[in-house]
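Undergrad: The following block contains a protein sequence and its predicted model.
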Amino acid sequence: MIPATHAEHGAEDLCAAGMELYERALREAHVSSADAETAPCLVDFGLLYPTAMDPGRLKPIAPVVALHRMLRGTGDRIAEERRREARLAETFEPLMRIDARLTGTEDSLGVRVLSGLDQINSAITEAVSETSEEVLTIQPYPTHIRESSDRHREALLRDQNFLDRGGRIRTLYQHTLRNAPSIVARYEQLNGDVEARTLDEVTDRLLVTDRAIAFIPASKDRSVALEVRHPAMVGFLATAFDRLWRLATPMYPQAVQRPTLNGITPRQRAIATLLVEGHTDAVIADRLGMNVRTARVHIAKLAATLGSESRAQLGYLIGRSGLLDQEG
C-alpha cells in the first residue's frame, strides 16, 4: 500500500526518497524492507527485490540491468504502436479509395496511401520504370544500409536500367554521409548520369520521378508512404528540391571540399547556427545526422577556438565573431 506521503510516479521521475534509498542500497548492497516503506516505488519498479534467505532484506538490481529492462519495455510498446499504425493504414486504405471514388475526389487529390515496404518499393519500381528523364531523391540516411541484400540488388538494377535509358539521377544527402563507404560503393556500381550533393540539414526522404510522381514517408519507420500525383503538390516538392540542390555542396562525381574559416570547420559553423537558436545537444545531433557524443566534441572544439568558458558565453561569442555571416 502506498503511503499517503508518497505520490505515484513513473520510473523516469524517480522520487527523491526513492533515489536516496536506491543509492544507499547500491553502496551497502542491501537495505531492510522497513526502510523501503518510505519509497515503495523501488519494489514496484523492480529496483529492489527480497533475498531468498532473508525476506526482510532487499537487494538492489544493477542500474544497467534495470535501465535495459525498462528501455526494452518502451521499445516493445513503440514497436507495437508502429505495427498498429501499419495495420490501420492497411485497413483504411481501400476504404479511403472507395470514399474517394464516391465523392469524386480521388483524381483531384492524386494521393495514394502505400502500406508496407513491399508495396512501397513496388510502386517506386513501377514509377521509375515509366520515367524517361530524371529521378530526384533526398536521403537523410543511406537507406540501402537497412535494406536486405535482395532489395538492395533490386534497387541497383532498377536505377541502372533507368540510367541505361538515358535518364539522370540527382540525390541529396547530409554532410555527415559524404565519406560513408556504403554510399561511395553504391555510386561506383552505377554507370550513367548520376550526381550527388550534400547539405548540413535535409528534409525527410523524398523521391520525384519526371516531376510527375512523388513519394514521401507517412510514418517514422517508413512502413507507410504517400504516392503523390497531384501536379501542384509534386511541383512544389520538385521546386523545394531544386532550391536545396543549388545550396548543396557537390559530392559525386567530383567532390568539393568546404573551406575551414579562421580555424572553424563547416560542421562547427552549422552547429553554431543551431546553438544560437537555442537547441539542445540532442536536437543538434539529430538535425545534423550525428550522434550526441560527436556533437558535443564539436561544440567543445568550437568553444575552445572562440575562448568560451560557458554555454551562455559561447552563444554571445558566436554572435560577436560574425561567424554566422561568413559563407562556407
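TA: Structure's in. What do you need?

Undergrad: what's the helix or strand for Glu309?
TA: Assessed by DSSP states H and E, Glu309 sits outside every helix and strand.

Undergrad: Please name the nearest non-neighbouring residue to it.
TA: Nearest non-adjacent residue to Glu309, counting by CB to CB, 6 or more residues apart in numbering: Ala303, 7.8 Å away. Quick note: C-beta positions are derived from backbone N, CA and C, even for glycine.

Undergrad: separation between the one you found and Arg170?
TA: 37 Å (CB to CB, to the nearest Å).

Undergrad: How far does stretch 245-265 sit from its chain's centre?
TA: How far stretch 245-265 lies from its chain's middle: 23 Å, per CA atoms, centre = their mean, to the nearest Å.

Undergrad: Dump that stretch to CSV, keeping only the CA atoms.
TA: Below are the C-alpha coordinates for stretch 245-265, written out as CSV (Å, rounded to 0.1, in the frame of the first residue of the first chain):
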residue,chain,number,x,y,z
TRP,A,245,20.2,21.4,-54.7
ARG,A,246,21.6,24.9,-55.6
LEU,A,247,22.6,25.4,-51.9
ALA,A,248,24.3,22.0,-51.6
THR,A,249,28.0,21.1,-51.9
PRO,A,250,29.0,18.7,-54.7
MET,A,251,29.9,15.2,-53.5
TYR,A,252,29.8,13.0,-56.6
PRO,A,253,31.3,12.5,-59.2
GLN,A,254,33.6,15.4,-58.2
ALA,A,255,33.7,16.2,-54.5
VAL,A,256,34.2,19.9,-53.5
GLN,A,257,35.8,20.4,-50.1
ARG,A,258,34.1,23.0,-47.9
PRO,A,259,36.7,25.5,-46.5
THR,A,260,37.7,26.0,-42.9
LEU,A,261,37.4,29.6,-41.9
ASN,A,262,39.5,31.0,-39.0
GLY,A,263,40.0,27.5,-37.6
ILE,A,264,36.3,26.7,-37.6
THR,A,265,35.1,23.9,-39.8
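
Undergrad: May I see the buried residues of that stretch?
TA: The neighbour-count check on stretch 245-265 (16 or more other CB atoms under 10 Å) flags 245, 248-249, 251-252, 258, 264-265 as buried.

Undergrad: And the pLDDT at the residue nearest to Glu309?
TA: What the model reports as pLDDT for Ala303 is 84.

Undergrad: do Ala127 as well
TA: At Ala127, pLDDT is 94.

Undergrad: separation between it and Thr51?
TA: For Ala127, the distance to Thr51 equals 63 Å [CB to CB].

Undergrad: Same question for Ala255.
TA: According to CB to CB, Ala255 and Thr51 sit 62 Å apart.

Undergrad: same check, this time on Tyr173
TA: When distance is defined by CB to CB, Tyr173 is 55 Å away from Thr51.

Undergrad: out of these two, which sits in the more crowded spot?
TA: Neighbours were counted for Tyr173 and for Thr51 using other CB atoms under 10 Å; Tyr173 has more, 24 against 11.

Undergrad: Not counting its neighbours along the chain, what's nearest the more buried one?
TA: The spatially closest residue to Tyr173, leaving aside those adjacent along the chain, is Thr198, at 4.9 Å (CB to CB, 6+ apart).

Undergrad: list the buried ones in the host helix or strand of the one you found?
TA: According to DSSP H and E, Thr198 maps onto strand 193-199. Across strand 193-199, burial judged by 16+ other CB under 10 Å covers 194, 196-199.

Undergrad: Following the chain onward from it, which element is next?
TA: Using DSSP H and E, the first helix or strand after strand 193-199 is strand 206-209.

Undergrad: low-confidence ranges in the stretch 101-250 of the chain?
TA: Per-residue confidence for the stretch 101-250 of the chain (pLDDT under 70) gives these ranges: 101-109, 142-150.

Undergrad: So which residues of it form helices?
TA: 106-109, 117-129, 143-146, 149-164, 181-188, 231-247 (DSSP state H, counting those that start in this stretch).

Undergrad: residues near Ala155, how many?
TA: Neighbours of Ala155 using other CB under 10 Å come to 18.

Undergrad: no, scratch that, I was asking about Met53
TA: Residue crowding around Met53 was assessed by other CB under 10 Å; the count is 6.

Undergrad: helix or strand for it, which one?
TA: Per DSSP H and E, there is no helix or strand for Met53.

Undergrad: what's it sitting at in phi/psi?
TA: Here the main-chain torsion angles of Met53 (degrees, to the nearest 10) amount to phi -80, psi -30.

Undergrad: And the one 4 residues further on, by the same measure?
TA: Arg57 has phi and psi values of phi -110, psi 130 when expressed as degrees, to the nearest 10.

Undergrad: show me the contacts for it.
TA: Counting by CB atoms under 8 Å, 6 or more residues apart in numbering, Arg57 touches 30-33, 50-51.
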